[in-house]
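Student: sequence unknown, structure follows:
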């Protein structure tokens, strides 16, 4: 995993020295010793790495600092002021931290109730907004090491590791608030939204899996090898027509079949035990790949094997496949915004599910507060894994599911 060295634009490079001086009263004591701490990943560091001009400006807290246009207002020591964030063009902030400045401020407000302050041992505590910036930088970059991030933000490497761990845990604590099953009042909008894609009736969500590439684990690496011979961890999601996740489940190694992951998930057991709660209208359902068992609430394609499919079956499969593409677009956006998921180079495999879930939480949070996302998906390919399904599901279909699929196929054939 290679470090990504920031190269400041030529027009602001001469200002770096002055900005460093402005940062002095904010930055943590640079004499703190690097201690062995929990790391989310390590790689080498380029001796020419420099904190970015963006970060230096964000961290400026010199109360006597003067602007060429007007005197700067006095700022509270030890915090990143909202006006300092706003001083940057939103697209520049968005490029580095993967969301708009307004969304960032809302995120900090929510996280303030979930982040515990660690003892500083005599050093100035790191403000929450700065911690969140570090985490967004980490999750939004591909392959940048903890060591590089620590140097960029002028904190000890061990402190950076602790900070990232605390924010990622806090984001996981937001899961039930940010990733929610739709209410009965949402049914009509969701069903209509999916119907507008390819005229497939009564779709309430898309069940899909994707594989997150990881470093070769030290323990039992063979169980993480998927059908494409890559070491991965499985992420199972359900999404609505807007690409928001309504359920997320992760942690299983890449060799495990999609149907096994599904049947071991909390959402599967809860739906099986109380279907009416999750599907208050009996005719609505999820769409899934052929790897999943066919259920009354989970509709899958007709298996294209040696048996000849009639035109009605083919049209059913075509519409289902087109409708399911929304899940692949959601995965593309997830990876495009939070590039860490393209390859999670963490040596501690047990921590990876928390990183994946934190990205899913941020995915929903951003979709809830921002309308524009095309800049994160332009040029990004659609995932081609689709869960790497086996030719046939590992669990049998049920009769109610077969009858419902036939009824849907008949409807499609006549419409």
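Tutor: Nice, I can see it. Keep in mind that what you see is a predicted model, and the values were worked out from it rather than measured.
Student: let me see the contact set for the most centrally placed residue in the chain.
Tutor: Geometric centre of the chain, nearest residue: residue 359, 2.4 Å, by Cα atoms, centre = their mean. Counting by Cβ atoms under 8 Å, 6 or more residues apart in numbering, residue 359 makes contact with 139, 334, 338, 340-341. Placement of C-beta: from N, CA and C, glycine included.
Student: out of these, which are buried?
Tutor: 139, 334, 338, 340-341 (16 or more other Cβ atoms under 10 Å).
Student: hmm, back to that, which of the contacts of residue 359 lies closest to residue 224?
Tutor: The closest of those to residue 224 turns out to be residue 341 (Cβ to Cβ; 15.6 Å).
Student: doesn't residue 237 belong to a helix?
Tutor: No - assessed with DSSP: H, G, I helix; E, B strand; the rest coil, residue 237 is strand; it does not lie in a helix.
Student: and it, bridged to which residues?
Tutor: With DSSP bridges as the criterion, residue 237 is bridged to residue 208, residue 248.
Student: show me which residues of the one helix or strand residue 353 maps to are buried.
Tutor: Using DSSP states H and E, residue 353 sits in helix 352-369. When burial is assessed from 16+ other Cβ under 10 Å, helix 352-369 yields the following buried residues: 352-367.
Student: can you list contacts of the helix or strand that it is followed by?
Tutor: Once helix 352-369 ends, the next helix or strand along the chain (criterion: DSSP H and E) is helix 374-377. Residues from elsewhere that reach helix 374-377 (Cβ under 8 Å, 6+ apart): 94, 98, 329, 332-333, 336-337.
Student: which of those residues are buried, as a PyMOL select command?
Tutor: Those of the contacts of helix 374-377 that count as buried under 16+ other Cβ under 10 Å are selected in PyMOL with:
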select buried, resi 94+98+332+333+336+337
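Student: I'd like to know which of the contacts of helix 374-377 are part of helices.
Tutor: In this view, the contacts of helix 374-377 that belong to helices under DSSP state H are 94, 329, 332-333, 336-337.
Student: point out the least confident member of these, please.
Tutor: Across those, the smallest pLDDT goes to residue 94, namely 84.
Student: that older thread, average pLDDT for the helix holding residue 353?
Tutor: 97.
Student: swap in stretch 253-271?
Tutor: Stretch 253-271 carries an average pLDDT of 96.
Student: and what of stretch 105-122?
Tutor: 81.
Student: begin at 58 from here
Tutor: New numbering, starting at 58: the last item is stretch 162-179.
Student: contacts for it?
Tutor: 139, 142, 156, 182, 185-186, 188-189, 219, 223-224, 227-228, 230-231, 234, 419, 422, 426.
Student: report the buried members of the residues you listed.
Tutor: Applying 16+ other Cβ under 10 Å to the contacts of stretch 162-179 flags 142, 156, 185-186, 188-189, 219, 223-224, 227-228, 231, 419, 422 as buried.
Student: just these: which are in helices?
Tutor: 142, 185-186, 188-189, 219, 223-224, 227-228, 419, 422.
Student: closest one to residue 241 out of those, please.
Tutor: Distance to residue 241 across those (Cβ to Cβ) is lowest for residue 422, with 23.7 Å.
Student: identify the residues contacting the residue nearest to the closest one when sequence neighbours are not counted.
Tutor: In this structure, residue 422 finds its nearest non-sequential neighbour in residue 235, 5.4 Å apart by Cβ to Cβ, 6 or more residues apart in numbering. By Cβ under 8 Å, 6+ apart, the residues touching residue 235 are 418, 421-422, 425.
Student: can I get the residues you listed in TSV including distance to residue 355?
Tutor: Formatted as TSV, the contacts of residue 235 follow (distance: Cβ to Cβ, whole Å):
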residue	distance to residue 355
418	24
421	22
422	27
425	26
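Student: measure residue 201 to residue 191 for me?
Tutor: Between residue 201 and residue 191 the computed distance is 11 Å (Cβ to Cβ, to the nearest Å).
Student: if I look at the closest residue to residue 400 other than its chain neighbours, how far off is residue 389?
Tutor: Spatial nearest neighbour of residue 400, excluding adjacent residues (Cβ to Cβ, 6+ apart): residue 270 at 4.7 Å. Applying Cβ to Cβ, the value for residue 270 to residue 389 is 15 Å.
Student: what of residue 188?
Tutor: Residue 188 sits 28 Å away from residue 389, going by Cβ to Cβ.
Student: same question for residue 435.
Tutor: Here residue 435 is placed at a distance of 10 Å from residue 389 (Cβ to Cβ).
Student: hey, where'd the helices end up in the stretch 258-407 of the chain?
Tutor: Ranges of helices within the stretch 258-407 of the chain are 315-321, 323-330, 332-335, 368-394, based on DSSP state H, counting those that start in this stretch.
Student: what's the closest of the ones you listed to residue 256?
Tutor: Of all those, it is helix 368-394 that lies closest to residue 256, at 6.2 Å by Cβ to Cβ.
Student: ok, so of the buried residues of helix 409-426, who is nearest residue 345?
Tutor: residue 417 (18.5 Å).
Student: dump the residue contacts of the nearest residue to the closest one once chain neighbours are set aside.
Tutor: Closest residue in space to residue 417, ignoring its immediate chain neighbours: residue 305 at 4.5 Å, by Cβ to Cβ, 6+ apart. Under the criterion of Cβ under 8 Å, 6+ apart, the neighbours of residue 305 are 232, 236, 292-295, 414, 417.
Student: again, only using 6 Å
Tutor: If you count contacts by Cβ atoms under 6 Å, 6 or more residues apart in numbering, residue 305 has them with 236, 294, 417.
Student: one more: residue 298?
Tutor: Residues in contact with residue 298 (Cβ under 6 Å, 6+ apart) are 247, 250-251.
Student: so among those residues, which ones count as buried?
Tutor: Taking 16+ other Cβ under 10 Å as the criterion, what is buried in those is 247, 251.
Student: just to revisit the earlier point, and the gap between the residue nearest to residue 422 and residue 228?
Tutor: 9 Å.
Student: quick check: neighbours shared by the two?
Tutor: Common neighbours of residue 235 and residue 228 (Cβ under 6 Å, 6+ apart) are residue 418.
Student: which outside residues touch stretch 403-413?
Tutor: Stretch 403-413 has contacts (Cβ under 6 Å, 6+ apart) with 97-98, 225, 229, 269, 271, 274, 290, 292, 307-308, 401.
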